[in-house]
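Undergrad: Prediction below, plus the sequence it came from.
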4 protein chains.
Amino acid sequence: MVDNNKSKTIGVGLIGSGFMGKAHAVAFRTVGGIFPLNAQPRLEFLADRNAEVAAEAAHALGFSRSTGDWHELVCDPAIDVVAITTPNSQHAPMALEALANGKHVYCEKPLSTTLENALAMTEAAEAAGVVTLVGFNYQRNPMVHAVRQMIADGEIGDIIGFNGHYVAGFMGRREGSYSWRMHPDEAGGALADIGSHLISMSRFLLGDITDVIARLDTVYPTRSSPDGVEHPVDIDDQAAILARFRDRPFTAMLDVSWVATGREMGLAFEVTGSRGAIKFTQERLNEVQIFKRDQPANRSGFTTLTAGPAYPPYGAFCPGPGHQLGFNDLKIIEVKGLIDAITGVAPSPTPFADALKTARVMDAIHRASATGEWTAVER
Amino acid sequence: MVDNNKSKTIGVGLIGSGFMGKAHAVAFRTVGGIFPLNAQPRLEFLADRNAEVAAEAAHALGFSRSTGDWHELVCDPAIDVVAITTPNSQHAPMALEALANGKHVYCEKPLSTTLENALAMTEAAEAAGVVTLVGFNYQRNPMVHAVRQMIADGEIGDIIGFNGHYVAGFMGRREGSYSWRMHPDEAGGALADIGSHLISMSRFLLGDITDVIARLDTVYPTRSSPDGVEHPVDIDDQAAILARFRDRPFTAMLDVSWVATGREMGLAFEVTGSRGAIKFTQERLNEVQIFKRDQPANRSGFTTLTAGPAYPPYGAFCPGPGHQLGFNDLKIIEVKGLIDAITGVAPSPTPFADALKTARVMDAIHRASATGEWTAVER
Amino acid sequence: MVDNNKSKTIGVGLIGSGFMGKAHAVAFRTVGGIFPLNAQPRLEFLADRNAEVAAEAAHALGFSRSTGDWHELVCDPAIDVVAITTPNSQHAPMALEALANGKHVYCEKPLSTTLENALAMTEAAEAAGVVTLVGFNYQRNPMVHAVRQMIADGEIGDIIGFNGHYVAGFMGRREGSYSWRMHPDEAGGALADIGSHLISMSRFLLGDITDVIARLDTVYPTRSSPDGVEHPVDIDDQAAILARFRDRPFTAMLDVSWVATGREMGLAFEVTGSRGAIKFTQERLNEVQIFKRDQPANRSGFTTLTAGPAYPPYGAFCPGPGHQLGFNDLKIIEVKGLIDAITGVAPSPTPFADALKTARVMDAIHRASATGEWTAVER
Amino acid sequence: MVDNNKSKTIGVGLIGSGFMGKAHAVAFRTVGGIFPLNAQPRLEFLADRNAEVAAEAAHALGFSRSTGDWHELVCDPAIDVVAITTPNSQHAPMALEALANGKHVYCEKPLSTTLENALAMTEAAEAAGVVTLVGFNYQRNPMVHAVRQMIADGEIGDIIGFNGHYVAGFMGRREGSYSWRMHPDEAGGALADIGSHLISMSRFLLGDITDVIARLDTVYPTRSSPDGVEHPVDIDDQAAILARFRDRPFTAMLDVSWVATGREMGLAFEVTGSRGAIKFTQERLNEVQIFKRDQPANRSGFTTLTAGPAYPPYGAFCPGPGHQLGFNDLKIIEVKGLIDAITGVAPSPTPFADALKTARVMDAIHRASATGEWTAVER
Ligand SMILES: NC(=O)C1=CN([C@@H]2O[C@H](COP(=O)(O)OP(=O)(O)OC[C@H]3O[C@@H](n4cnc5c(N)ncnc54)[C@H](O)[C@@H]3O)[C@@H](O)[C@H]2O)C=CC1
Ligand SMILES: NC(=O)C1=CN([C@@H]2O[C@H](COP(=O)(O)OP(=O)(O)OC[C@H]3O[C@@H](n4cnc5c(N)ncnc54)[C@H](O)[C@@H]3O)[C@@H](O)[C@H]2O)C=CC1
Ligand SMILES: NC(=O)C1=CN([C@@H]2O[C@H](COP(=O)(O)OP(=O)(O)OC[C@H]3O[C@@H](n4cnc5c(N)ncnc54)[C@H](O)[C@@H]3O)[C@@H](O)[C@H]2O)C=CC1
Ligand SMILES: NC(=O)C1=CN([C@@H]2O[C@H](COP(=O)(O)OP(=O)(O)OC[C@H]3O[C@@H](n4cnc5c(N)ncnc54)[C@H](O)[C@@H]3O)[C@@H](O)[C@H]2O)C=CC1
């Protein structure tokens, strides 16, 4: 049994303190008050792009030390796990150096900007024998876990259809929106940025994707930067994908957009089974809709399940059903998984090896879009 | 102005008296009480597969005469318009003979089971110079009309995304479901049956489809008939389609399924524009969701528009907003369009020539699925 | 068994041709095409406030004859049933004279403007031995029927709570809204106008109301007429009601408003039982939400039931589930009930005697509001 | 400007470690990572009903010291603020003793079990000149704050209607549900337990309640305890309330139930204004529905606003809109308010004096139910 061991600690080194950096920091800080743990995270060291930013962030987020040079952090003896929340292109060098120093690595998604790097990172992780975890936080939702279990248990019969979406509008304005996210080198583009969540989620629910055909579209071929200068853009704003899963008799539809005006958090899916169906959207992350055929015609319909203690580990946050979890709570569950993996309680839910498979699917999608042909995913 | 001319009448001959036959009959019967018309439909003649069935149906639906032989009907001098509500494979012979006799033709969708027939029917209609109308009733919805107008007016900016669905579960049970709808000769399959509505709707909203890639899946390769005998099946249960529209910078996603367990009337779409977005589902046919970017961040979101007199011709049914139209009311609006076309008030909303374009798209989808390649739609 | 008897007819005389007049006309015209009937309605005679209006309406709605004097209509030998769709204060004189002539009477709600008249009408109807029916059309909805049956069958256990609402915004603008509906003599006020539907519905579902306390509020003590003249107003714009039902262990809450900005058709209720709960709103008249406790905690929630053939008589309109009924279809079901009552198939669903009970509740609400005290409903 | 002062700390003493105890602990632990603060909470001392329980809880929740005797805690010199999360009847003695020792007090709702105690606590707080805060956490929701602001700004015109609900089903089973919550001495009953949230919320949005009429019902006059023994019960399971607000022209309807089968978190309200309307339910705490009349008829409807950085202080949790806050985040905002009050940044959002007013309304409701008469709220 897990014992809430307060004396044993895990030294945390965080690189980056933006959107995700803060979310990681809060999760590490809070997780021990929510869950019993075999070791407590210790907010030890924070690195950011320069010393001043790092010092301020360490102060705000509660880290003991700070540095403007991440190389110092990844080899620091007080650090057990390195959390990487920097822009995508920096995941690989940081992770590789951390792994070379024998650190566990908790890396934000997507794993890297190129398949080559993703492969190198995965191999390095396996060689190091440490714990790795990639931040596909939407898979930590208790309701999504319940969905996965329903699918696995055959509760809705054989799966015969899947539609997955990640549509959001945060890049919907042409004017003033040019940034590093528009660079292919940075794994810019909607597919890499949010599509990776969708591919990972689809695989989480239904297993391996084997073949794809797709079309990536650049809706705005030029964008201006905040200073008003116009730049040509050639990353994808949207991706339209057909996908086949191993041993499944249907063609899934996956769509990704970061120019989907009005949508804020449109990670959503519908799963159809021969005896039921399930609908979910992250916009209402505490709800799942389920249909079961085994009801009389005049009593059947979609039932709205609501998050509560009946869906572990919701109860660790709140004993009352319907009280609702928030986004940051998903990150707390993720960090619980990280610590459990480090302390040997359970394997990492999404190690680099798993994220590599997601990267392979994204690679196939890019090739399929370029050739216009059905394309096999590398194994 | 339209004058509610009660003395001038239009003789109606109806072939078939099933699901759609009754809907046509009710619409013809009722339309004059809802709308002012230049001529009143006269329920004159009903044909069905044999004399007895026809006589019973004529009695139930209020037709004056009946016959077991439709050939009699299509040349009857008292008939001005022939309404065809028989299974798909019979649309072509019936329509062609009616057109040869100079009758207006109101035909259920899909236009025909083959592209060749659809072309022949369209040419015959043009040669005859009569009115034709195909029963794509979902396009008659005042809310859908409003959506089309918003798109045309640029109210949500340039259109940059479209997802269309027609998912329903009425063929979801393998056991006992084998019927003529499983025959390719009958234009069986989900794509022909309900997908034609979706293709037509997509074209109605956004214009010509030029290229497609698709995959048609047979989820149940065998089905049993009600008597328990097993039959091999090779029509499509589902279709997953990527489509390009003329002069539009995105790839649309269209999915069709008649094995979508739990879904009853899932004709739905989301349109994304550069300055707004629109969502609609036939499951709530009296509602449309619209987002407009021109709102402050803390007052913006999707607004639910509700059917009412502000959306013509709703007011002809009911002066009170929110009272709701039903499916049969859409058919009444369709018949209003038919009579207006016959009496020269306005052109047919969906003549054979338009349905032919829909048939061409479906043909391209079939070819694309067979070859696995992007396929151009014939013009 | 009901035989679709086309030879036997019922002569219909309609008084009034506004909102409800047209709805009645359409229902009489259409019902025979939807349902098998023992006699067919014959649109015989229409009366309106003057000869010209009546003639035009008769022409538009398909009646054979017309008159500017309703006294002629109610004694016409060709008339079997008189349908009254005039303003409230005219229901009593018209109904009484029709009854005196031995006609069946189909009267719009509320039955009358005073309890005395309602009583006189009920007694006259009983004396005449004819069929009466009051137009509480929302009770004709197949989904509402299903709800009533669930309650009666104990499907959600003992009933322990009820909230009923009829909130709408059609009188929400002070400017230009003054009309006859603001007159107490006309049974003006929100309670009489729409509250009567709510009281009747509550009684339909749960039985007799025995005691009430209430407060009627005049939100706008003056209103201007369309010509800009200001008028004092003392009818109720809103009613807040607590009610007790016979032999039920709870206090129901009923609220009525016709100044409920933004709400269009807010006739809605939630019923709570010891083992389940039900929610309904007329804004989505084809849906009902039901919760049943007999499910495991992680599979329980509200299920959305959708109108379809499993809820008779939906199937008479359409064999496909999810296609949806509209408001006018409810009126068709009502007229079916009328004809069935006249032809002896089944009793009237809401005869005058029943509407009288509703009137008694409204009377008690008025008295309770005036005195500020719990008030017993007369039996 | 608030400076994230990490050196200054506030010693926290927590009494109770159940549902709310854990929520308080997590909020104190996390708040400094979310918000810049003038002083950091220090988890110093935890008291529970005995030493063993307290020690375990202190360990689990991260407190330095523990005790089985709360008297020790409330006078401990290291403690600046006492957080009380024990059953209702204990709020008064604990708060009074803490106040007598000059401590700030953060007390769970309802303030106390009797009006006398509530008054004594308020007077003691004023005498002590310390900060007090009562845990009406639902008022901390950024979306609810936005609603309050809209109302105050006249954005929906004059307020002309209000319906408030707190319906939940957690006491819905008669069997096995008997506990201290069934004791009047413990301020048992639905009104005290959850109704206090509703009354407080109503006052937060609309100001003082001056008069009420109500009926409290005991749906289950006996309940069994988990051991199967039957007990008589005379607290209220439900409350039906009509209420008048100072200077407002309408009668509000408030309903409370803890036997509302199927509802989990039904704290909800609809506010109607002369030019708009607002709907909210805690079941979807990240959403608000708003209607504004100043739109054309064919573009008007309820708009769904979604939580995001446009609604402060959401952005402190997450820069991305639509990511969603959870219940525990509301408690973090509450604790931020507490620390801001203690450090002089802003007054307490809900001091004892405010909770006393809520208690006075509840007292009037009890009296109104007993007498059956409209009852004035004491000032
Ligand atoms: N799991 C999820 O749901 C989300 C994941 N992400 C991922 O998190 C990562 C970071 O994204 P955001 O937090 O949104 O970006 P951000 O721009 O808010 O933060 C990036 C941080 O990295 C720091 N940084 C940049 N270069 C650095 C360097 N050389 N050394 C040290 N620090 C450096 C920046 O100063 C900043 O603190 C990305 O990989 C992104 O894909 C982002 C948002 C959501
Ligand atoms: N617009 C829409 O939303 C819908 C359109 N349809 C279309 O309507 C058509 C009919 O479908 P349903 O009404 O569902 O079929 P159904 O099976 O209910 O009715 C078919 C009718 O045709 C009659 N019939 C068959 N062969 C005949 C013959 N040789 N001569 C005369 N009558 C004959 C049958 O006896 C029956 O009365 C199809 O083309 C279908 O695709 C069907 C449902 C919905
Ligand atoms: N069941 C329902 O859901 C509804 C019921 N109603 C009820 O229907 C009744 C009529 O309301 P609306 O149709 O909305 O009113 P309206 O104003 O649209 O129509 C009233 C009709 O009565 C006619 N009329 C007035 N005085 C007359 C007279 N002395 N002789 C003959 N005709 C006369 C008018 O010319 C007009 O044709 C009312 O009792 C109302 O409460 C109204 C709307 C909905
Ligand atoms: N703000 C909100 O939304 C909520 C507020 N509450 C309020 O919080 C309070 C506590 O409720 P819950 O946490 O649900 O109860 P609970 O039963 O989960 O926890 C009560 C705690 O108080 C402790 N306790 C009892 N007597 C004690 C004593 N003499 N000395 C020290 N500790 C003692 C218990 O051991 C337990 O740790 C109540 O006043 C309740 O109304 C409860 C739930 C939600």
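TA: Looks like it came in fine. Small disclaimer: the values here were computed from a predicted structure and weren't measured. Ligands and ions are numbered 1, 2, ... in the order given.

Undergrad: what does the stretch 51-200 of chain A put close to chain D?
TA: A:59-62, A:168, A:170 (Cβ under 8 Å from any Cβ of the partner chain). Using the backbone N, CA and C atoms, a C-beta is placed for each residue, glycine as well.

Undergrad: and chain A, what are its domains?
TA: Listed domain ranges for chain A are A:9-137, A:142-284+A:286-321+A:352-376 (source: automatic domain parsing).

Undergrad: Now tabulate the ones you listed in JSON lines and tack on mean pLDDT, mean neighbour count and distance to residue B:324.
TA: As requested, the domains of chain A are arranged in JSON lines below (pLDDT from 0 to 100; neighbours: other Cβ atoms under 10 Å in any protein chain shown; distance: least, Cβ to Cβ, whole Å):
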{"stretch": "domain A:9-137", "mean pLDDT": "97", "mean neighbour count": "22", "distance to residue B:324": "41"}
{"stretch": "domain A:142-284+A:286-321+A:352-376", "mean pLDDT": "96", "mean neighbour count": "21", "distance to residue B:324": "19"}
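
Undergrad: Could you name the stretch from the ones you listed that's closest to ligand 3?
TA: domain A:142-284+A:286-321+A:352-376 (25.9 Å; Cβ to the nearest ligand atom).

Undergrad: Kindly check the end-to-end length of the closest one for me.
TA: Domain A:142-284+A:286-321+A:352-376 has an end-to-end distance of 32 Å (Cα to Cα, to the nearest Å).

Undergrad: does it come close to chain C?
TA: Yes: on the criterion Cβ under 8 Å from any Cβ, domain A:142-284+A:286-321+A:352-376 is in touch with chain C at A:146, A:290, A:296-306, A:308-311, A:321.

Undergrad: where does stretch A:330-342 sit relative to the chain's centre, distance-wise?
TA: 13 Å (Cα atoms, centre = their mean, to the nearest Å).

Undergrad: ok, residues contacting that stretch?
TA: Contacts of stretch A:330-342 with the rest of the structure, by Cβ atoms under 8 Å, 6 or more residues apart in numbering or on different chains, involve A:2, A:10, A:23-24, A:26-28, A:30-31, A:34-35, A:37-39, A:41, A:80-81, A:104, A:106, A:131, A:133, A:135, A:137-138, A:140-142, A:285, A:313, A:317, A:346-349.

Undergrad: Determine the set of other helices and strands touching the longest helix anywhere in chain A.
TA: In chain A, with assignment by DSSP state H, the single longest helix is helix A:352-371. For helix A:352-371, the packing partners by 3 or more Cβ pairs under 8 Å, 6 or more residues apart in numbering or on different chains; DSSP states H and E come out as helix A:115-128, strand A:132-134, helix A:196-206, strand A:209-217, strand A:238-245, strand A:375-376.

Undergrad: Show me what the last one is packed up against.
TA: The contact analysis (3+ Cβ pairs under 8 Å, 6+ apart) places strand A:375-376 against strand A:209-217, helix A:352-371.

Undergrad: Dump these to JSON lines, plus distance to ligand 4.
TA: As requested, the helices and strands packed on strand A:375-376 are arranged in JSON lines below (distance: least, Cβ to the nearest ligand atom, whole Å):
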{"stretch": "strand A:209-217", "distance to ligand 4": "44"}
{"stretch": "helix A:352-371", "distance to ligand 4": "38"}
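
Undergrad: if we can go back for a sec, so of the contacts of stretch A:330-342, which ones are in strands?
TA: Of the contacts of stretch A:330-342, the ones assigned to strands by DSSP state E are A:10, A:41, A:81, A:104, A:106, A:133.
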